[in-house]
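Asks: return atomic coordinates for the entry below.
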Amino acid sequence: MQTWLKSIGLNAIVLCLSAAVTLAGAEVVLRTTYPQRERQSIHEFDAELGYRPQASLDRRYVWDAHEVVTGVRTGPQGFRDIDLPARKASNEFRVLLLGDSNTFGYGVEGDETFAKILEERLNRPASQPVHNYVAINAGVIGYGTGHQVLQYERIGDGVAADLVILNVTVSNDIQDNLCLTYGALTPNRMNPCFAIEGGELVLKSRPEKTEDTSGDWRQVLESLDLYSFVMLRSAGFAGANPRVVRLLDEWGVGMKRAWLPTVVEAWYSEVCWPRGWTLTQRLLEQLHQSVRKRGAQLVVVGIPSRLQVQQNLRDVSSVLYDGRAEYAAFQRDPVRPQRLLDEFLSSRGIAFLDLEPVFQRQPAPEDLYYAINQHWNAGGHRVVAEAIEQFLHERTRLAGRPAAIGEAQ
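Replies: Predicted structure coming up:
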């Protein structure tokens, strides 16, 4: 009996060791031949903003699960794909774009970003040839409105933009402004944190350098290329196949999720709402005042959540979040973020472009997104650039014409 037990134990040890060696070998192969992520950051620490893009960067970058590999280039000021001259030409009309990863161009080449496409379209001979339009892409992955208020104060005078476009991502900007991580809603100490005290907007704390998380087994696991290869692809597949998710749920496979989708978390959860929206309004007002002070005009663009425009993702989420009151509230009123933004910005005389109906009008909105990294592909950026160009010609003082709405400058 003891011999038999020892044999089983030995076999189990051999099996475990074999599995470990196999997994380690797969990890090595992936990292050397098909890396799942870029391990060199494109950012550097910033004591005021938390982090900023490295200046004068020029290299290839591997995006999530090796779904796409693109070039990432920044100029001396850290803006993507532009070396901005200090002196502004007399016929130059500068458009500054503030935003997060969507604006920066997560997963696309520099010439595929909507900032670059917008610049090209504005400079077409049939457009306004008397001006040389320059689009300045100041988007930074992970930035929220608080970041952008501080960022504009830093760069506003030097950039001397005639038009400032703030791209608000309704999915997660409120969490960024509250200095909370997505999903877990734990404190994010890498963000500058604002609060309202005595009716005034106050910067309460500045960013701290990221703590060492090497002892966190979850973070260690998620850092493995093998984990990304399997889990991110599985998530992408599930998001595109609601029938599979429903079938697994019927089979009793645990599909429910503790964490809500970010747009639901931000606008329909009591944890973030309404405190986050109140703070975001004050941040928008602060940016508006800063833009006006510099003689420029502010336009806000509302970037929708994928959950708002992709029916297959809605079908999947109906399974994952069945019974959650917050998700039920989202289903009853899925465009609450855009409606509130429109009401607030209109009351302040700020032009607002809602991209949600723009995406809804597309024949297949899901084809404008990457399946794994969940950001717009080149086609999505082109749709956004076209919508913004049309909006600017109709609703702003573009090229010196009076604005249809907005303050006198």
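
Asks: strands of the stretch 101-250 of the chain, start to end?
Replies: Using DSSP state E, counting those that start in this stretch, the strands of the stretch 101-250 of the chain run over 132-137, 163-169, 193-197, 200-205.

Asks: likewise for the stretch 301-409 of the chain?
Replies: Going by DSSP E, counting those that start in this stretch, the stretch 301-409 of the chain shows strands at 351-354.

Asks: picking that back up, mind putting the strands of the stretch 101-250 of the chain into JSON lines with distance to residue 331, mean neighbour count and mean pLDDT?
Replies: No exception for glycine: its C-beta is placed from N, CA and C like everyone else's. Shown next, in JSON lines, are the strands of the stretch 101-250 of the chain (distance: least, Cβ to Cβ, whole Å; neighbours: other Cβ atoms under 10 Å; pLDDT from 0 to 100):
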{"stretch": "strand 132-137", "distance to residue 331": "35", "mean neighbour count": "23", "mean pLDDT": "95"}
{"stretch": "strand 163-169", "distance to residue 331": "21", "mean neighbour count": "26", "mean pLDDT": "98"}
{"stretch": "strand 193-197", "distance to residue 331": "31", "mean neighbour count": "16", "mean pLDDT": "96"}
{"stretch": "strand 200-205", "distance to residue 331": "33", "mean neighbour count": "12", "mean pLDDT": "94"}
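
Asks: nearest to residue 109, out of those?
Replies: strand 132-137 (12.4 Å; Cβ to Cβ).

Asks: please enumerate residues in contact with the closest one?
Replies: 79-82, 84, 89, 91-97, 103-105, 113, 115-116, 118-119, 122-123, 159, 161 (Cβ atoms under 8 Å, 6 or more residues apart in numbering).

Asks: centre-most residue in the protein?
Replies: Central residue of the chain (Cα atoms, centre = their mean): residue 101, 3.9 Å from the mean position.

Asks: ok, and the closest non-adjacent residue to that one?
Replies: Spatially, and ignoring its direct neighbours in sequence, residue 101 is nearest to residue 141 (4.2 Å; Cβ to Cβ, 6 or more residues apart in numbering).

Asks: that neighbour touches residue 99, doesn't it?
Replies: No: the criterion here is Cβ atoms under 8 Å, and residue 141 misses it with residue 99 at 9.8 Å.

Asks: ok, these two, which is more surrounded?
Replies: Taking other Cβ atoms under 10 Å, residue 141 and residue 99 do not tie; residue 99 has more neighbours (27 against 17).

Asks: could you list every residue that touches the closest residue to that one other than its chain neighbours?
Replies: Spatial nearest neighbour of residue 99, chain neighbours left out: residue 167 (3.3 Å); criterion: Cβ to Cβ, 6+ apart. Taking Cβ under 8 Å, 6+ apart as the criterion, residue 167 is in contact with 97, 98, 99, 100, 102, 103, 139, 300, 301, 303.

Asks: could you list the low-confidence segments of the stretch 1-150 of the chain?
Replies: 1-12, 27, 126-130 (pLDDT under 70).

Asks: how about the helices of it, start to end?
Replies: Using DSSP state H, counting those that start in this stretch, the helices of the stretch 1-150 of the chain run over 2-33, 101-104, 114-122, 145-159.

Asks: for the second one, output the C-alpha coordinates as PDB.
Replies: Once non-C-alpha atoms are left out, helix 101-104 reads as follows in PDB (Å, rounded to 0.1, in the frame of the first residue of the first chain):
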ATOM      1  CA  SER A 101      -6.000  56.500 -25.300                       C
ATOM      2  CA  ASN A 102      -8.700  57.100 -27.900                       C
ATOM      3  CA  THR A 103      -7.100  60.400 -28.800                       C
ATOM      4  CA  PHE A 104      -3.500  59.200 -28.600                       C
END
